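> Sequence first, predicted coordinates after that:
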Amino acid sequence: MNDKNLNSSSVGGDGVKKIAIVTGGGSGLGLAIAQKFVENNITTIIAGRDVAKLAAAKEQLGALCFAIPCDVSDLKTIPLFVQNVLTQFGQIDILVNNAGINQKKNFTEVTDEEFQNVLTTNITSVFVMSREVVKHMLQKKSGCIINISSMAAQYGLPKVIAYSASKTAVDGMTRAMAVELSPNGIRVNAIAPGFIYSAMTEKALNSDPERKAKVFGRTPMGIMGQPEDVANAALYLAGDAAKYVTGVVLPVDGGNSIGF
């Protein structure tokens, strides 16, 4: 394919094809984002701790996708992972911090270790991964970081105290990073997905009619989103169309976060 046919997200101002990292890229939203990037000619490295899942995703996504295992909760391995990407690909233009875990448990039953485990995976690893990638982005005075937040940072949700704390921290860190890094050509934004369709989500809602009614009752559009909706938002934020957008937490939620 000729460069003139490439989507504006796929090449930089110098005509060089962009390189992206998507953590948690082997399934779910991470896979959808990686697929959207690949479809738009962005070379995409998917990272995760499930090697078999990564291999299957790489097989699905094709030649522009590369799978490199990385357990982001093992913080000490992140600098080497980033260095390996730079050694192999020479640059990192886009980082999507998507990997995360959740835990549903009554507030008083959450242990110190459980709380800390969620925070390590969902916020500390985002800091460490971003820090290591930014060291490279600062050298070339350009880059884009997209953090995946949640509606759990928009309003209170019961039984997910650690997850809510971590995603609220993601929003705050996104704004702080944007203010500090944007003068150096590095844009930082976040996406806050609402209720996005998956087989697991559908099963959970169908087994709890009261919760399902509440979900759709406060979602003005009255439907669940699709993984591609989040992927489209990521492609926009990563591309030249968003070159003047930074420090934004973009809800992709059918209006759920502002619903009554």
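Noted; the coordinates are in hand. Source: prediction; values computed, not measured.
> got the CA positions of the strand ranked longest in the chain in PDB?
Criterion DSSP state E: the longest strand present in the chain is strand 186-193. Extracted C-alpha coordinates of strand 186-193, given in PDB (Å, rounded to 0.1, in the frame of the first residue of the first chain):
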ATOM      1  CA  ILE A 186       3.400  14.500  24.000                       C
ATOM      2  CA  ARG A 187      -0.400  14.400  24.200                       C
ATOM      3  CA  VAL A 188      -2.100  12.400  27.000                       C
ATOM      4  CA  ASN A 189      -5.800  11.600  27.100                       C
ATOM      5  CA  ALA A 190      -8.100   8.900  28.600                       C
ATOM      6  CA  ILE A 191     -11.100   7.000  27.500                       C
ATOM      7  CA  ALA A 192     -13.900   6.200  30.000                       C
ATOM      8  CA  PRO A 193     -15.900   3.300  28.600                       C
END
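> List the strands paired with that strand, with their directions.
If you go by DSSP bridges, strand 186-193 pairs up with strand 143-148 (parallel), strand 249-252 (parallel).
> Tell me the gap between the shortest one and the middle of its chain.
Spelled out, it's strand 249-252. The chain centroid and the centroid of strand 249-252 are separated by 12 Å under CA atoms, centre = their mean, to the nearest Å.
> next helix or strand past the longest strand of the chain?
The helix or strand immediately downstream of strand 186-193 is helix 199-206, counting by DSSP states H and E.
> which other residues reach that following helix?
Residues from elsewhere that reach helix 199-206 (CB atoms under 8 Å, 6 or more residues apart in numbering): 195, 211-212, 215, 224. Using the backbone N, CA and C atoms, a C-beta is placed for each residue, glycine as well.
> Packing partners of the following helix or strand past that helix?
Under the assignment DSSP H and E, the closest C-terminal helix or strand after helix 199-206 is helix 209-217. On a contact count with 3 or more CB pairs under 8 Å, 6 or more residues apart in numbering; DSSP states H and E, helix 209-217 meets helix 199-206.
> in the helix it packs on, what counts as buried?
Under the neighbour-count criterion of 16 or more other CB atoms under 10 Å, helix 199-206 has Leu205 buried.
> what are the C-alpha coordinates of that helix, in CSV please?
Extracted C-alpha coordinates of helix 199-206, given in CSV (Å, rounded to 0.1, in the frame of the first residue of the first chain):
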residue,chain,number,x,y,z
ALA,A,199,-20.5,-12.3,26.3
MET,A,200,-19.6,-11.9,29.9
THR,A,201,-21.4,-8.5,30.3
GLU,A,202,-24.5,-9.9,28.6
LYS,A,203,-24.6,-12.9,30.8
ALA,A,204,-24.1,-10.9,33.9
LEU,A,205,-26.8,-8.5,33.1
ASN,A,206,-29.3,-11.1,31.9
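> If anything else comes up later, I'll come back, but that's it for now.
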